[in-house]
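1. Give me the fold of what follows.
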Amino acid sequence: MEVDESPSSSTAMAKRGSRNVTAKLMAKLKRALDERNFYESHQIYRTIYVRTCSAEKLDEVLSMLHSGATYLLQNHQLESGADLAMLYLDAIEKHLGEIPADKMDVVAELHHCIAKGTQERQNFLAKALKLSIKGRPGAVSGSPVLHAKIATNLWKEKDYVAARYHFLRSRDSMNFATMLVEVHVLQGYAHEVDLFIAQSVFQYLCLMKDSDLAQSMLTAYCETHPELQRHKGPPYKIPLLNFVWHLLVSISVKRLNYFHILRSKYQPVLDRDPSYLDYLDRIAQIFFDVRPPQNPQRGGLFGNFFNSLMENFCDSDESDMQGPAEAAASNSHPSPQPDVADEELD
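-> Numbering: from 1, shown residues only. Model prediction:
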């Protein structure tokens, strides 16, 4: 009997051998899982990953790593579960370059499964954010889509400070506003109802450079906050809220004189927080092409701190701040745009 030693025959035999090995490993993995042998399960998952990870089998491998990491993490196997989660990102990096849109939910789910406050979660998030923008030169802060999903995770965990950080880098202005209402109702003083949204709008404008997003957040906050629902606006009865609304109008109509009148008219209101003037300087540079002030060190030590903060906080490339249009949908009831007459700014 003649033996076929052609290259195609050898390749076919190698593939059959590989399938047999994989089948045996999968059977061994099932036994380990049934016996709740977490250590052996982790090792087998790793072995299967090393032997099978390829472009042709990427979806299959990613699905396996996802289920394996979730299983181990849900059974309090932090190190081994986080290791498989990192392998999930490694596989994406090797074969796709960056995290595709259809894998963002899985990445967010894995982040949620890794115990909060751990180095493993921090490492996973740092790598995921980096991978979410790897294909865009100059982008530095991570995909707004991923930031929104991470923010939602943290919000559910009541980690409001961390959630706010990520919402500011997302385009999910509606959920951001809803969280701010929740935080103020649970933790804020009544007289701070305007401070919570004002600072967030200023920072959102500096980071995302999108006045429509800021407008939708302001509107959602004012329409859903129980202390503001009875005060229909705009215009608003609370001076700082009214200033923020007028500020957004001045940006939308691109009228620098309107902006200057606002700053002068509302100076006593803005003096409540020395950072407001610095944010407004930055906003003027972004939206009105105003040159930076000659003496940016306002406030001495505070000025130095603010400038250092803003270098890291605001100087992201605009292309890094683009997300899906549907996440940036503005409020369906557009605000009326007033004339710039001085008496109407009260």
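2. Name the nearest residue to Y88, sequence neighbours excluded.
-> Spatial nearest neighbour of Y88, excluding adjacent residues (C-beta to C-beta, 6 or more residues apart in numbering): L65 at 4.4 Å. Any C-beta I mention is one placed from the backbone N, CA and C, and that applies to glycine too.
3. And the pLDDT at the one you found?
-> pLDDT, L65: 97.
4. check which helix or strand covers it.
-> Element membership of L65, judged by DSSP states H and E, is helix 58-74.
5. buried set for the helix or strand following that helix?
-> Using DSSP H and E, the helix or strand that follows helix 58-74 in sequence is helix 78-95. In terms of neighbour count (16 or more other C-beta atoms under 10 Å), helix 78-95 has its buried residues at 78, 80-89, 91-92.
6. Counting by contacts, list what helix 78-95 packs against.
-> helix 38-52, helix 58-74, helix 104-113, helix 119-132 (3 or more C-beta pairs under 8 Å, 6 or more residues apart in numbering; DSSP states H and E).
7. Apart from its neighbours in sequence, what residue is nearest N153?
-> H112 is the one closest to N153 (C-beta to C-beta, 6+ apart), at 4.7 Å.
8. returning to what we had before: could the helices and strands packed on helix 78-95 go into a markdown table alongside distance to M174?
-> A markdown table is the format used below for the helices and strands packed on helix 78-95 (distance: least, C-beta to C-beta, whole Å):
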| stretch | distance to M174 |
| --- | --- |
| helix 38-52 | 38 |
| helix 58-74 | 28 |
| helix 104-113 | 18 |
| helix 119-132 | 21 |
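9. Mind checking those for the one nearest to E223?
-> helix 104-113 (27.6 Å; C-beta to C-beta).
10. Now do the same for that closest one: mean pLDDT, whole number.
-> 98.
11. V181 contacts E223, correct?
-> No. If you go by C-beta atoms under 8 Å, V181 and E223 don't touch, sitting 9.7 Å apart.
12. neighbour count winner among these two?
-> Taking neighbours as other C-beta atoms under 10 Å, V181 and E223 compare with V181 leading, 22 against 15.
13. Could you report the pLDDT at that one?
-> 98.
14. With adjacent residues omitted, what lies nearest to it?
-> Using C-beta to C-beta, 6+ apart, the nearest residue to V181 is H225, at 4.8 Å.
15. Distance check, the one you found against E182.
-> Going from H225 to E182 by C-beta to C-beta, to the nearest Å gives 10 Å.
16. More neighbours: which of those two?
-> H225 (20 against 15).
17. For that one, give me the backbone phi and psi.
-> H225 adopts backbone torsions of phi -70, psi 130, taken as degrees, to the nearest 10.
18. Which pLDDT value belongs to R230?
-> Looking at R230, its pLDDT reads 82.
19. does it count as helix, strand or coil?
-> coil (DSSP: H, G, I helix; E, B strand; the rest coil).
20. Please list all residues in contact with it.
-> With contact set as C-beta atoms under 8 Å, 6 or more residues apart in numbering, R230 has no partners.
21. center of the chain, which residue is that?
-> Nearest residue to the geometric centre of the chain (C-alpha atoms, centre = their mean): H147, 1.3 Å.
22. From L207, how far off is it?
-> From H147 to L207 the distance is 10 Å (C-beta to C-beta).
23. Quick check: neighbours shared by the two?
-> Listed contacts common to H147 and L207 are R169; contacts here mean C-beta under 8 Å, 6+ apart.
24. packing partners for the helix or strand harbouring L218?
-> According to DSSP H and E, L218 maps onto helix 211-224. When contacts are defined as 3+ C-beta pairs under 8 Å, 6+ apart, helix 211-224 packs onto helix 173-187, helix 193-208, helix 239-253.
25. Serialize those to CSV and add fields for distance to A128.
-> As requested, the helices and strands packed on helix 211-224 are arranged in CSV below (distance: least, C-beta to C-beta, whole Å):
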stretch, distance to A128
helix 173-187, 19
helix 193-208, 19
helix 239-253, 32
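26. To D273, which of those lies closest?
-> Of all the helices and strands packed on helix 211-224, helix 193-208 comes closest under C-beta to C-beta, at 7.3 Å.
27. And the pLDDT at S141?
-> pLDDT recorded at S141 is 86.
28. Assign it to helix, strand or coil.
-> coil.
29. Tell me how many other residues crowd it.
-> 20.
30. that older thread, report the separation between the residue nearest to N153 and Q267.
-> 45 Å.
31. And for K57?
-> 64 Å.
32. more crowded one of the two?
-> K57 (14 against 10).
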